[in-house]
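Asks: Quick one: sequence plus predicted model below, questions after.
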Amino acid sequence: MNSFLNTAYQDLQAVAAARREAYAKGNPFPHLSFPDFFNPLMLEEVLAEFPDLASLDTIRYNNPNEKKFASKGETGMGPKTLAFIHFLNSAPFLEFLQALTSIEETLLGDPYLIGGGLHEIKRGGLLKVHADFNKHNRTGLDRRLNVLVYLNKEWKEEYGGYFELWDRNMEKAVQKVLPTFNTLALFSTTDYSYHGHPDPLNCPEDRSRKSIALYYYTNGRPAAEINPALLEHSTLFKARKGHETEVVAEAKNWKQTLKQFIPPILVDLIKK
């Protein structure tokens, strides 16, 4: 018996086979969420280790587009948390994700946890709707899949903090997932998979929205997932219809600006 998984999900390949079609048909882009996916006793231990990220040497985002805290690599993680994250990057879980998503290229985890790991949003925090960065900054691999594990016990709807999946025209959130304890959410990351938590969190001051984020990569990706007008890019924030001034454009560094004028083949040669 796998100690990381709840009883109903012990046979990961059977789960993948049963839910593959539902994942592919996810609207507005391929996605799924599972309630009570992991062993609740194990996840209780992970939650008990979750630090106050505001008190550690963490990544702090505090701008109109995002107000949140994120861990740096494995810093601040307890032994139960590390074991859980290592399972999420293990062959059995990778094979489950590969089968569920039908991604053809070999799916790889990220031991560096670039952008991933522990995430925490406190009262008033938010993450505007966006599409994620598309390349791993160390390996150059293509980002293909996000896995989110929520750790929020007795989370009330009035607190907000829904994980929202938006249509390409930014007219509405087609799907919303409440970030309740032991909910697993996953979705395909493309240049068009707009998602976020755009409204300020309304939880009590002594509560916060806690999650674990894992990102997965392949060497190459289908053309349908790529916006041909973009090369390698960072997070692409998008304003919701009717809220056109809510997103502030990020200043580009000189490397990003230069890439706009260099053919992709020359960018690849320079990297090599």
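Replies: Ah, there it is. Numbers count the residues shown, from 1 in each chain.
Asks: what are the ranges of the strands in the protein?
Replies: Shown for the chain, the strands assigned by DSSP state E span residues 31-34, 59-63, 66-70, 117-122, 126-131, 142-150, 163-166, 173-177, 183-188, 195-197, 208-218, 236-237.
Asks: Which strands or helices does the longest one pack on?
Replies: Applying 3 or more C-beta pairs under 8 Å, 6 or more residues apart in numbering; DSSP states H and E, one finds that strand 208-218 contacts helix 79-88, strand 117-122, strand 142-150. Bear in mind the C-beta positions are built from the backbone N, C-alpha and C, glycine included.
Asks: swap the cut-off to 10 Å and go again
Replies: Packing contacts for strand 208-218, counted by 3 or more C-beta pairs under 10 Å, 6 or more residues apart in numbering; DSSP states H and E, involve helix 40-49, strand 66-70, helix 79-88, helix 91-101, strand 117-122, strand 142-150, strand 183-188.
Asks: As a markdown table, these with mean neighbour count, distance to residue 208 and mean pLDDT would be great.
Replies: Listed next are the helices and strands packed on strand 208-218 as a markdown table, based on neighbours: other C-beta atoms under 10 Å; distance: least, C-beta to C-beta, whole Å; pLDDT from 0 to 100:
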| stretch | mean neighbour count | distance to residue 208 | mean pLDDT |
| --- | --- | --- | --- |
| helix 40-49 | 16 | 12 | 98 |
| strand 66-70 | 20 | 9 | 97 |
| helix 79-88 | 17 | 16 | 98 |
| helix 91-101 | 18 | 26 | 98 |
| strand 117-122 | 23 | 5 | 98 |
| strand 142-150 | 22 | 12 | 98 |
| strand 183-188 | 22 | 16 | 98 |
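Asks: I'd like the ones you listed as JSON lines, with distance to residue 171 appended.
Replies: What follows is the helices and strands packed on strand 208-218, written out as JSON lines (distance: least, C-beta to C-beta, whole Å):
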{"stretch": "helix 40-49", "distance to residue 171": "36"}
{"stretch": "strand 66-70", "distance to residue 171": "22"}
{"stretch": "helix 79-88", "distance to residue 171": "33"}
{"stretch": "helix 91-101", "distance to residue 171": "26"}
{"stretch": "strand 117-122", "distance to residue 171": "25"}
{"stretch": "strand 142-150", "distance to residue 171": "22"}
{"stretch": "strand 183-188", "distance to residue 171": "19"}
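Asks: Please identify which of these is closest to residue 57.
Replies: Distances from residue 57 to each of these were compared using C-beta to C-beta; the shortest belongs to strand 66-70, at 10.9 Å.
Asks: angle of the closest one against strand 117-122?
Replies: Interaxial angle of strand 66-70 relative to strand 117-122 (axes from the mean of the first three to the mean of the last three C-alpha atoms, to 10 degrees): 130 degrees.
Asks: isn't residue 134 right up against residue 220?
Replies: No: with the criterion set as C-beta atoms under 10 Å, residue 134 and residue 220 do not qualify as a contacting pair; they are 12.0 Å apart.
Asks: ok, the two, which is more surrounded?
Replies: The residue with the greater number of neighbours, taking residue 134 and residue 220 and applying other C-beta atoms under 10 Å, is residue 134; the counts read 22 against 10.
Asks: shaky segments in the stretch 151-272 of the chain?
Replies: Scanning the stretch 151-272 of the chain for pLDDT under 70 picks out the ranges 250-272.
Asks: Export the strands of the chain to JSON lines and append columns for distance to residue 81.
Replies: Formatted as JSON lines, those follow (distance: least, C-beta to C-beta, whole Å):
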{"stretch": "strand 31-34", "distance to residue 81": "20"}
{"stretch": "strand 59-63", "distance to residue 81": "17"}
{"stretch": "strand 66-70", "distance to residue 81": "14"}
{"stretch": "strand 117-122", "distance to residue 81": "7"}
{"stretch": "strand 126-131", "distance to residue 81": "22"}
{"stretch": "strand 142-150", "distance to residue 81": "11"}
{"stretch": "strand 163-166", "distance to residue 81": "21"}
{"stretch": "strand 173-177", "distance to residue 81": "22"}
{"stretch": "strand 183-188", "distance to residue 81": "16"}
{"stretch": "strand 195-197", "distance to residue 81": "22"}
{"stretch": "strand 208-218", "distance to residue 81": "8"}
{"stretch": "strand 236-237", "distance to residue 81": "29"}
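Asks: what does stretch 95-104 rub up against?
Replies: The list of residues contacting stretch 95-104 from outside it, by C-beta atoms under 10 Å, 6 or more residues apart in numbering, reads 5, 9, 11-24, 30-32, 88, 90, 105-107, 109, 144-145, 147, 186-188, 214, 216, 218, 220-222.
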